[in-house]
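K.L.:
Dropping a prediction and its sequence here:
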Amino acid sequence: MTNVATRPDGAGGDDSAGADAHSTMVIPPRPPLPGETPVGPAEHGDVQWAEAEPRKKRHLGLWLGIGIPVGLIAAAAGAAAAVLIAPGVTAAGAPVGFSTEGNAAATIAAHLEDRRFAIGDATVSGADLGLSVDAKALAEQAFTTYPAWNLGAWGNGRVDGTVSIDAEKAAETLRGAVPELYSDSVDAQVVFDADASQYTVVEATSGEGVDVAALAASITEALAKHPDPADTITVEPQETEVEAAATTEEAQAFAASLNDQFVADSAQAAGFYLQDELALALPAADIQGWMDITADPESGDFVVTPDMGAIEEAIKDLPARVNKDVVNEEVVVNSAGDKLHVLKEGQDGFGIETTDGVSDAIAASLQSGDLSFDLQGEVVKFETVTHFRRAEVDKSAGTAYFYEGPAAGQEALVASYPIALGKPGHDTKTGHFTVYGQLTSQNMGSCDAEGNYVPGGKFDYCTANVPFVTYFNGDQGFHGTYWHNSFGAGNYLSHGCVNMTQTAAEWTYRFLQVGSEVWVHD
């Protein structure tokens with residue numbers, strides 16, 4: 001057997017084969033291994049170079065770089081183009097070419113914050129002005145409109161975005177950077193007018209400042225024209241009226257809310273209350289000294305600051321001022337119990353023993369704009385005492401009787417007076433009547449305004465200045481008589497009225513009320 005091996009250098013073979021040819025050489029026998037029977041040349045056969053198979057060529061033409069296939073690179077480039085924005089594209093003035101949407105959004109936001117703007121004599125950044133834009137939406141629009149895979153979108157794409165501005169931050173920055181563009185507004189004031197005893201208003205005054213909304217619009221427009229991030233963009237500021245934080249309208253509303261509480265019949269008048277009962281009303285002149293009213297320069301709200309010293313001084317004698325004995329109401333009623341007249345107003349009784357904690361409660365109430373202050377104590381409700389009153393005219397006795405009691409059927413005689421009645425042809429009519437009108441003085445008969453007789457009138461007489469008239473039946477009623485002094489049974493001297501002395505007539509006028517009942521009988 002012949003053992004053969006190949007060698008790459010062409011030794012021992014045909015030189016014409018070159019470096020790629022192979023020659024045959026004899027390989028000597030190896031030495032026997034321990035325990036192995038030696039093998040002679042005959043057993044080994046000839047060992048020589050064998051002709052090798054032709055070497056296979058490497059196909060390197062489709063590989064580049066460090067062994068990456070061109071096809072794979074092309075595929076990767078296509079994949080990248082599918083998620084990138086075309087080169088040369090700007091969004092809100094920021095260069096976003098060859099960026100993903102996420103990177104583009106971050107670039108847009110950062111570009112806007114870092115961009116420099118010349119306003120007046122100052123240069124400020126977008127961050128100083130509080131500028132912002134919907135960077136995510138712009139990045140999405142840039143990619144959708146100008147994707148990198150679309151070669152026609154390269155180098156000429158632009159997406160404009162509307163810039164928003166933080167009005168407070170921009171105003172603060174510009175007021176410090178270009179103060180000449182600003183003049184201060186003056187807040188309205190709520191002050192107490194001692195002469196009018198009410199709160200009035202000092203009107204607000206507007207200032208001047210940069211119109212930040214117009215500034216944002218100008219920046220939006222300018223960014224589209226200045227894609228170079230290194231450019232400082234000049235923006236012409238527009239001035240506008242700057243309203244005061246505390247406006248005249250707000251001051252008027254606040255003053256009105258205070259003044260309304262000093263109206264006597266308001267639902268919650270200013271003063272001290274016990275169990276929702278007004279124990280002591282307070283005038284505006286007293287309360288105004290307990291507080292200071294100022295406008296908050298930030299919110300424009302009106303703030304009440306209590307003067308604790310003034311409050312504590314005012315309430316040190318509060319029990320003596322508030323505590324009152326109960327006063328019962330007294331009213332005149334008819335037989336049905338209907339109230340005809342109030343003889344005496346009722347007053348609840350109030351009693352407080354201490355003022356502990358009252359000053360703090362007043363302060364808290366003042367701060368809320370409430371001028372009604374609750375107290376802890378006792379309230380005793382007044383009762384109503386009724387007086388049923390009626391009159392009786394006994395013609396045969398020539399006397400008028402007057403009765404009073406807590407209710408009909410419980411009355412008792414309280415007074416009686418002799419009277420004169422209507423003469424024949426002018427009889428005083430009998431029946432049950434009700435007082436319908438009362439006059440302290442009246443010209444009776446055919447009189448002019450001065451009490452002079454007017455001939456040809458309805459009556460053939462004129463009696464001027466008849467005192468204390470109480471009508472109960474047409475033109476008949478009780479009244480005083482100064483032209484005669486004849487009273488009692490058998491005196492028929494009037495034209496139908498019940499004549500009385502002037503003293504008795506005045507008493508009757510005050511005893512009876514409109515609605516009181518009168519019984520006239522024979």
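P.N.:
Structure's in. What do you need?
K.L.:
Tell me which stretches of the stretch 151-300 of the chain form helices.
P.N.:
167-177, 212-225, 248-259, 284-287 (DSSP state H, counting those that start in this stretch).
K.L.:
Kindly reformat these as JSON lines containing distance to residue 351.
P.N.:
Glycine gets a C-beta too; all of them are placed from N, C-alpha and C. Shown next, in JSON lines, are these (distance: least, CB to CB, whole Å):
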{"stretch": "helix 167-177", "distance to residue 351": "55"}
{"stretch": "helix 212-225", "distance to residue 351": "61"}
{"stretch": "helix 248-259", "distance to residue 351": "29"}
{"stretch": "helix 284-287", "distance to residue 351": "22"}
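K.L.:
Minimum distance to residue 87: which of the ones you listed has it?
P.N.:
The closest approach between residue 87 and any of the helices of the stretch 151-300 of the chain, judged by CB to CB, belongs to helix 212-225 at 18.7 Å.
K.L.:
Residues touching that closest one, excluding its own?
P.N.:
Residues outside helix 212-225 that contact it (CB atoms under 8 Å, 6 or more residues apart in numbering): 92-93, 112, 115, 117, 119, 126, 129, 131, 158, 160-165, 167, 170-171, 233-238, 240.
K.L.:
Now do the buried residues in that helix.
P.N.:
Residues of helix 212-225 classed as buried: 212, 214-220, 222-223 (neighbour count, 16 or more other CB atoms under 10 Å).
K.L.:
so which of those comes closest to residue 98?
P.N.:
Nearest to residue 98 among the buried residues of helix 212-225: residue 223, at 20.5 Å, using CB to CB.
K.L.:
need the buried residues of helix 212-225 in TSV with pLDDT, can you?
P.N.:
Rendered in TSV, the data for the buried residues of helix 212-225 read as follows (pLDDT from 0 to 100):
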residue	pLDDT
212	93
214	95
215	95
216	95
217	94
218	94
219	93
220	92
222	90
223	88
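K.L.:
ok so, going back, closest one to residue 100 among the helices of the stretch 151-300 of the chain?
P.N.:
Nearest to residue 100, of these and by CB to CB, is helix 212-225 at 21.8 Å.
K.L.:
what about residue 336, how many neighbours?
P.N.:
Using other CB atoms under 10 Å, the number of residues around residue 336 comes to 10.
K.L.:
How is this structure divided into domains?
P.N.:
Recorded structural domains for the chain (assignment: automatic domain parsing) are 1-57, 83-186+207-242, 263-380, 387-521.
K.L.:
Residue 194 is nearest to which of those domains?
P.N.:
domain 263-380 (6.8 Å).
K.L.:
and that closest one, how far apart are its ends?
P.N.:
End-to-end distance of domain 263-380 (CA to CA, to the nearest Å): 25 Å.
K.L.:
State the mean pLDDT of that domain.
P.N.:
Here domain 263-380 scores 93 as its mean pLDDT.
K.L.:
check contacts around the nearest residue to residue 174 once chain neighbours are set aside.
P.N.:
Nearest residue to residue 174, sequence neighbours excluded (CB to CB, 6 or more residues apart in numbering): residue 210, at 5.2 Å. For residue 210, the contact set (CB under 8 Å, 6+ apart) comprises 119, 170-171, 174, 178, 181-182, 237-240.
K.L.:
are any of the residues you listed buried, and which?
P.N.:
Counted by 16+ other CB under 10 Å, the contacts of residue 210 give 119, 170-171, 174, 178, 181-182, 237, 240 as buried.
K.L.:
any idea which of those residues is the one closest to residue 339?
P.N.:
residue 240 (65.2 Å).
K.L.:
burial count for the closest residue in space to the closest one that isn't next to it in sequence?
P.N.:
Counting by CB to CB, 6+ apart, residue 211 is the residue found nearest to residue 240 once chain neighbours are left out, at 3.8 Å. By other CB under 10 Å, the residues close to residue 211 number 16.
K.L.:
Wait, residue 211 touches residue 239, no?
P.N.:
Yes: contact status for residue 211 versus residue 239: in contact at 6.7 Å, counting by CB atoms under 8 Å.
K.L.:
Ok, which of the domains of the chain comes nearest residue 193?
P.N.:
Nearest of the domains of the chain (CB to CB): domain 263-380, 9.4 Å.
K.L.:
Pretty sure residue 108 sits in a strand.
P.N.:
No: membership of residue 108 in a strand is not supported by DSSP: H, G, I helix; E, B strand; the rest coil, which gives helix.
K.L.:
That one against residue 134, yeah?
P.N.:
No: judged on CB under 8 Å, residue 108 makes no contact with residue 134 at a distance of 9.0 Å.
K.L.:
any shared contact partners between those two?
P.N.:
residue 161.
K.L.:
With neighbour numbers in mind, choose between these two.
P.N.:
residue 108 (28 against 17).
K.L.:
For the more buried one, which non-adjacent residue is closest in space?
P.N.:
Nearest one to residue 108, counting by CB to CB, 6+ apart, is residue 135 at 4.0 Å.
K.L.:
how close does that neighbour get to residue 214?
P.N.:
23 Å (CB to CB, to the nearest Å).
K.L.:
ditto for residue 98
P.N.:
Applying CB to CB to residue 98 and residue 214 gives a distance of 35 Å.
K.L.:
What lies in contact with the host helix or strand of residue 312?
P.N.:
Secondary-structure element containing residue 312, defined by DSSP states H and E: helix 308-314. Helix 308-314 is contacted from outside by 286, 289-290, 359, 362-363, using CB under 8 Å, 6+ apart.
K.L.:
Check stretch 326-343 too.
P.N.:
Here stretch 326-343 has contacts from 344-349, 380-390, 407-408, 434, 513-517, using CB under 8 Å, 6+ apart.
K.L.:
ok, now stretch 242-250?
P.N.:
182, 185-189, 201, 203-209, 295-302.
K.L.:
could you flag which of those residues are buried?
P.N.:
Buried among these (16+ other CB under 10 Å): 182, 185, 187-189, 201, 204, 209, 295, 300, 302.
K.L.:
wait, which of those residues is closest to residue 414?
P.N.:
Using CB to CB, these come closest to residue 414 at residue 201, 59.3 Å.
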